[in-house]
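Undergrad: Mind looking at a prediction? Sequence and model below.
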Amino acid sequence: MRATRAGLPAVHIDPRSHPDRAAFDAAVTAVLAGHGVELVCLAGYMRLLSGEFVAAWRSRILNVHPALLPAFPGLHAQRQALDHGAKVSGATIHLVDEGVDTGPIVLQAAVPVREDDTEATLAARILVEEHRLYPEAVRLYAEGRLAIEGRRVRIRMDA
């Protein structure tokens, strides 16, 4: 809806209309390629991507995660941080690989865990950092300033 109101193309691809994940991912790839997409940005996607999809978009898929990876990957990161007694959590923008929240880290921001925090209060403070970091990561990508060297992402100053 938001894209349509802004005059941008919007496409819905129903995963239930495909026999399996590979077929769904192939359909998504076809739509993305057909629109000339250069960077895939995930936020709250909550679906595993097939190895074929990741390979097709290698180093061109960004994801946001509400923890300082590699700590607390997967679901319920804020609950994990609280359960482990972490003093600091935060937000991570990373490139997607075949693992769950295991790709090279682009940007991170720390958020203190307060004694009276709940999952909701911690999540709210982390979300502020996610909203600050994600556009910055996209900008760095668009400017050609991200250099991927194995597991490291270096931010070039000269691009």
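TA: On my side now, so go ahead. Numbering: from 1, shown residues only.
Undergrad: Around the closest residue to Arg21 other than its chain neighbours, how many other residues sit close by?
TA: Once flanking residues are discounted, Arg21 sits nearest to Ser50: 5.3 Å by CB to CB, 6 or more residues apart in numbering. To be clear about C-beta, it is placed using only N, CA and C from the backbone, and glycine gets the same treatment. The local packing count at Ser50 equals 19, with neighbours defined by other CB atoms under 10 Å.
Undergrad: what's the spacing between Ser50 and Thr4?
TA: Distance, Ser50 to Thr4, by CB to CB, to the nearest Å: 28 Å.
Undergrad: can you map out the helices along this structure?
TA: Along the chain, the segments classed as helices by DSSP state H run 2-5, 21-34, 51-56, 77-83, 119-142.
Undergrad: what's the most buried one of these?
TA: Burial of the helices of the chain is given as mean neighbour count (mean count of other CB atoms under 10 Å); helix 77-83 ranks first at a mean of 19.
Undergrad: So which residue is smack in the middle of the protein?
TA: The residue lying closest to the centre of the chain (CA atoms, centre = their mean) is Asn63, at 0.8 Å.
Undergrad: So for that one, what pLDDT did the model give?
TA: According to the predicted model, the pLDDT of Asn63 comes to 98.
Undergrad: Next: Ala159.
TA: At Ala159 the predicted local confidence, pLDDT, stands at 62.
Undergrad: can you check Pro9 too?
TA: At Pro9, the model reports a pLDDT of 88.
Undergrad: Would you mark the buried spots in stretch 105-123?
TA: Judged by neighbour count (16 or more other CB atoms under 10 Å), stretch 105-123 contains these buried residues: 105-109, 111, 113, 117, 119, 122-123.
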